[in-house]
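# What follows is a protein structure lacking sequence information:
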């Protein structure tokens, strides 16, 4: 059985104060705020009241959350667009907002991130630094199996196969 946090029972005023702090700490999605309301033991009508208060006072915004999420996961964790899209879907963000937020990803950053992750995987696969730079520049060919390992690794990091092939020439068959 999964561990669940004990539900607290608070008044609406206490709930608003707790949720104001919760939202002020970092950007939150509507789903996260709703789940926090539930964990505080607020009823649906109380949750609605608190959500309206938070929205009116600009404590959370789906759009702000989506843009902050994309920026953070791209710059800090260097995730690809597919993995970021999945994370936003899990957070309950609409498809329109996801598309809009993902437009801010820079192709140059994606190229650099792909090269960084590919080099890391090649290093784990016991290639030397010289071999890795030759592979990335296209001067040294990889076996089919090694290409597949790199592609699978990059796919796990959230980069589509199309993006991999477009930006990393050495992966083309």
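That came through, no problem. What you see is a predicted model; the values in this text were computed from it and never measured.
# remind me, longest helix of the chain?
With secondary structure taken from DSSP state H, the chain has its longest helix at helix 107-124.
# Counting by contacts, list what that helix packs against.
helix 62-75, helix 129-137, helix 144-156, helix 161-167 (3 or more C-beta pairs under 8 Å, 6 or more residues apart in numbering; DSSP states H and E). Glycine gets a C-beta too; all of them are placed from N, C-alpha and C.
# Apply 7 Å and report the result again.
Applying 3 or more C-beta pairs under 7 Å, 6 or more residues apart in numbering; DSSP states H and E, we find helix 107-124 packed against helix 129-137, helix 144-156, helix 161-167.
# Which of those sits closest to residue 9?
Ranking the helices and strands packed on helix 107-124 by proximity to residue 9 (C-beta to C-beta) places helix 144-156 first, at 41.8 Å.
# Flag every buried residue along that closest one.
146, 147, 149, 150, 151, 153, 154, 155 (16 or more other C-beta atoms under 10 Å).
# farthest-separated two in these?
Between all members of those, the farthest pair (by C-beta to C-beta) comes out as 146 and 155, at 14.9 Å.
# Could you give the separation of the longest helix of the chain from the chain centroid?
Averaging C-alpha positions (C-alpha atoms, centre = their mean, to the nearest Å) puts helix 107-124 17 Å from its chain's average.
# packing partners for the lowest-mean-pLDDT helix or strand in the chain?
Within the chain, no helix or strand scores below helix 161-167, which has a mean of 89 by mean pLDDT, DSSP states H and E. Applying 3+ C-beta pairs under 7 Å, 6+ apart, one finds that helix 161-167 makes contact with helix 107-124, helix 144-156.
# tell me the angle of the last one relative to helix 107-124?
Note on geometry: by axes from the mean of the first three to the mean of the last three C-alpha atoms, to 10 degrees, helix 144-156 and helix 107-124 are set 130 degrees apart in direction.
# so what does helix 144-156 touch, helix or strand wise?
Secondary structure elements in contact with helix 144-156, counted by 3+ C-beta pairs under 7 Å, 6+ apart, are helix 107-124, helix 161-167.
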